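Peer 1: Dropping the sequence and predicted coords here.
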Amino acid sequence: LCRSGTMSRVLESMGLKKAKDPLEDLKKWKRELAKEMRSMEREIKKIEQGEKKSAEECRKLGKANRIDACKILAKEIVRTRAARDRMYQAKAQLNSVSMQLQTQASMVRAAGCMKRSTEVMVAMNKLVKLPELQKTMVEMAREMERSGLIEEMVNDAMDMADGAEVEEETEKQIDSVVAELTGDLFKDKNATNVPTALPQSTPAEAEASGSSVPATMPLSTRVAQAQQQPIA
C-alpha cells in the first residue's frame, strides 16, 4: 500500500538516505494548514468589514441620486463578496485536508507508513489554484508527492470561463447589489440614461401650446421665461 514514486524513497529503501518519520511530515503539514486557516479567518473578517463600509457608502450615494458612483461601489462589493466566498471555500478545503492528514497519522501508527490519498489529492489540486494560498500549497503538494501521499500534480492552471459570460454575470450581480442597497431608487433599468436637459420643442409645438419661449433659446433662459408667463 505504501508507494514511493520518487527517487528519494528509493534512496531511503537502499539505505543511502535517512528515512524521514512520516508522522513528522504529517504534523508539520497540519501546523501549516492551521496557520493558513487562522490567517484566512482574519482576512475574511477584514473583507466583511470593508464590504459593510462600502454598502453604507453606496446607500448614501443612492439617496443622493448618484447612480454612476453607486454602481462603481456595487462592482467593488461584487468582487469583495466573490473573494470572501472563495476564501470560505478554501478554508473548508484546508480543514478537509487537515482531517485527512489526521486519518493518515492513525494509519502510520498502525502500519508504519502513509497510504496514497485521492481525497488529499483532490483537495490540494483545488488549493494550489487559489492566489491567496498558491505559494504555500504548491510547496506542500511537492512535499506530499515526495512522501508518496499524493500523485504528481498536473494541469495546475485553471481554465478560465469565457470573458463575455463572466462580464455579463458581473453586470447582473452589480444591478442586483444596487437594487439590494438602494431599494426602488433606481428601479428603472435605464436610470443611468436620465436626461440632463429638458427636451426641446419645435417652433410648431411651441406655437400650438401657446408658449412664447423660443425652442432654440438656452435651457436656463427658457425655464426662467416660462416661469414668468401668466398661468392661463
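Peer 2: Noted; the coordinates are in hand.

Peer 1: Skipping adjacent residues, who's closest to residue 70 in space?
Peer 2: Spatial nearest neighbour of residue 70, chain neighbours left out: residue 61 (4.3 Å); criterion: Cβ to Cβ, 6 or more residues apart in numbering. C-beta coordinates here come from the backbone N, C-alpha and C atoms, glycine included.

Peer 1: Give me the pLDDT value at the one you found.
Peer 2: Looking at residue 61, its pLDDT stands at 88.

Peer 1: Where does it fall, secondary structure wise?
Peer 2: helix 22-63 (DSSP states H and E).

Peer 1: Show me what that helix is packed against.
Peer 2: If contacts are counted by 3 or more Cβ pairs under 8 Å, 6 or more residues apart in numbering; DSSP states H and E, helix 22-63 sits against helix 67-111, helix 134-147, helix 163-182.

Peer 1: now it against helix 134-147, angle please.
Peer 2: 160 degrees (axes from the mean of the first three to the mean of the last three Cα atoms, to 10 degrees).

Peer 1: what inclination does helix 22-63 have with respect to helix 67-111?
Peer 2: Going by the same axes, to 10 degrees, helix 22-63 makes 170 degrees with helix 67-111.

Peer 1: Would you enumerate the residues in contact with residue 85?
Peer 2: Counting by Cβ atoms under 8 Å, 6 or more residues apart in numbering, residue 85 makes contact with nothing.
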